[in-house]
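Undergrad: Fold the following and give me the result.
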Amino acid sequence: MIHFRTKNDILSWLEKHCPRKAIVRSLSQNGADLLGGFDPIPPSGRPGWIVRVRSVYGKMWLVAVIPNSKQTDYEIRILQKVSWEHYIGCGDSNCIYGGDKPWLYRSLKERSKR
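TA: Numbers count the residues shown, from 1 in each chain. Below you'll find the predicted structure:
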């Protein structure tokens, strides 16, 4: 199984494996926001990362990258919402579990607890 070390590792893997052409095209044209690590990512019950992808036309997808049940590869899930209460990010923006804006995501997690 590939071990991701950076945001670019996750996005490159997603570009190669995502079956939705619109998402792949948007990744190459517009990039994406790494929202960080979540444990678990419902409904899978497994940890992973969530990436927010936006098209040049304003369409948005929440794409989860989750290790499969055998932990031999990853699965892709399209989510309807982010479950901020499951955010496990670290305080460093260089950490892939923290995501691109860990200070913002931590506050969203705190708000979800209220």
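Undergrad: Tell me which residue is most central in this protein.
TA: For the chain, the residue sitting closest to the mean C-alpha position, by CA atoms, centre = their mean, is residue 50 at 1.6 Å.
Undergrad: Against residue 108, how distant is the residue nearest to that residue when sequence neighbours are not counted?
TA: Excluding the flanking residues, the one nearest residue 50 by CB to CB, 6 or more residues apart in numbering is residue 35, at 4.3 Å. (Glycine included, C-beta is placed from N, CA and C.) Computed with CB to CB, to the nearest Å, the distance linking residue 35 and residue 108 is 9 Å.
Undergrad: Overlap of the contact sets of the two?
TA: Counting by CB atoms under 8 Å, 6 or more residues apart in numbering, the residues touching both residue 35 and residue 108 are 82, 87.
Undergrad: Compare those two and say which is more crowded by neighbours.
TA: The residue with the greater number of neighbours, taking residue 35 and residue 108 and applying other CB atoms under 10 Å, is residue 35; the counts read 25 against 14.
Undergrad: Next up, identify which helix or strand the residue nearest to residue 50 is on.
TA: Secondary-structure element containing residue 35, defined by DSSP states H and E: strand 32-41.
Undergrad: which other helices and strands contact the next helix or strand after that strand?
TA: Reading on from strand 32-41 to the C-terminus, the next helix or strand found by DSSP H and E is strand 46-54. On a contact count with 3 or more CB pairs under 8 Å, 6 or more residues apart in numbering; DSSP states H and E, strand 46-54 meets helix 7-17, helix 21-30, strand 32-41, strand 60-67.
Undergrad: Now tabulate those in TSV and tack on distance to residue 79 and mean pLDDT.
TA: Written out in TSV, the entries for the helices and strands packed on strand 46-54 read as follows (distance: least, CB to CB, whole Å; pLDDT from 0 to 100):
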stretch	distance to residue 79	mean pLDDT
helix 7-17	14	95
helix 21-30	13	95
strand 32-41	7	96
strand 60-67	4	97
